[in-house]
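Visitor: Provided below are the primary sequence and the corresponding predicted coordinates.
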Amino acid sequence: MNTFDHLVQLSKMLKNLDGWLVKATEHAKAKKFEADTLVNSRLAPDQYSLAKQVQSACDSAKFSAAYLSGKEAPAHADNETTIAELRERIQKCAAFLETVTAKDLEGADERKVAPKWLQGKWMRGDQYLVQTGIPNFYFHVTTAYQILRHDGVDLGKMDFIGSMPLQG
């Protein structure tokens, strides 16, 4: 799988995450509670809330795309407090990923990736994507999924996997 294919997969998973939030809203409506209460839900007291999991998944995807393409990642204030705002954040990040072309990623494997949090150190692009970007993204996406499941939202494996390029 090449770098572009990995970013396409991140975009697909962001769209799946958006769909889970739609289902969360439907679940809340059926159970007669305010869907936005789920934004602060978490699995453990010392773990990020649903809002922070969504924000972190979005950040991981957009920064991976930006670092590898040389584009500037869009800025977000991390101030979403409603399901609608989280969905908007996801849609903006997915839209940014769609601006990254295969041509933008030429040489990405060899590109030096030096986020501020590495404090002056760097990784090659391929190492960053496979050893940091993708695992971090899936950590937050999976945790968001589990928070919603824990709160009773009817999600299954196919909601997580999403559409597949079936043939025949």
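Guide: That came in fine, so what should we check first? This one's a predicted model, so the numbers in the text were calculated from it and none came from an experiment.

Visitor: contacts and neighbour counts: CA atoms only from here.
Guide: Fine.

Visitor: what helix or strand is the most centrally placed residue in the chain on?
Guide: For the chain, the residue nearest the mean C-alpha position is Ala57 (3.1 Å; Cα atoms, centre = their mean). Using DSSP states H and E, Ala57 sits within helix 50-69.

Visitor: picking that back up, show me the contacts for the residue nearest to the centre of the chain.
Guide: Residues near Ala57 by Cα atoms under 8 Å, 6 or more residues apart in numbering: Leu14, Asn136, Phe137, Tyr138, Phe139, His140, Val141.

Visitor: what about the longest helix along the chain, distance to the chain center?
Guide: Among all segments of the chain classified by DSSP state H, the helix with the greatest residue count is helix 3-31. Relative to its parent chain, helix 3-31 has a centroid offset of 9 Å by Cα atoms, centre = their mean, to the nearest Å.

Visitor: counting neighbours, what do you get for Arg86?
Guide: Actually, residue 86 is Leu rather than Arg. Residues near Leu86, counting by other Cα atoms under 10 Å, number 24.

Visitor: Glu80 is in contact with that one, correct?
Guide: Yes: with contact defined as Cα atoms under 8 Å, Leu86 reaches Glu80; the gap is 5.9 Å.

Visitor: quick one, grab the pLDDT at Asn2.
Guide: Listed pLDDT for Asn2 reads 89.

Visitor: quick check on it: phi, psi?
Guide: Dihedral pair for Asn2: phi -90, psi 170, per degrees, to the nearest 10.

Visitor: so who does it touch?
Guide: Applying Cα under 8 Å, 6+ apart, no residues contact Asn2.

Visitor: from Asn40, how far off is it?
Guide: For Asn2, the distance to Asn40 equals 36 Å [Cα to Cα, to the nearest Å].

Visitor: now do the buried residues in stretch 42-54.
Guide: Arg42, Leu43, Tyr48, Ser49, Leu50, Ala51, Lys52, Gln53, Val54 (16 or more other Cα atoms under 10 Å).

Visitor: report the contact partners of the fourth one.
Guide: The reference is to Ser49. With contact taken as Cα under 8 Å, 6+ apart, Ser49 is in contact with Val39, Asn40, Ser41, Arg42, Leu43.

Visitor: so how far is Pro115 from it?
Guide: For Ser49, the distance to Pro115 (Cα to Cα) stands at 24 Å.

Visitor: and if you look at the third one?
Guide: Counting by Cα to Cα, the separation of Tyr48 from Pro115 is 22 Å.
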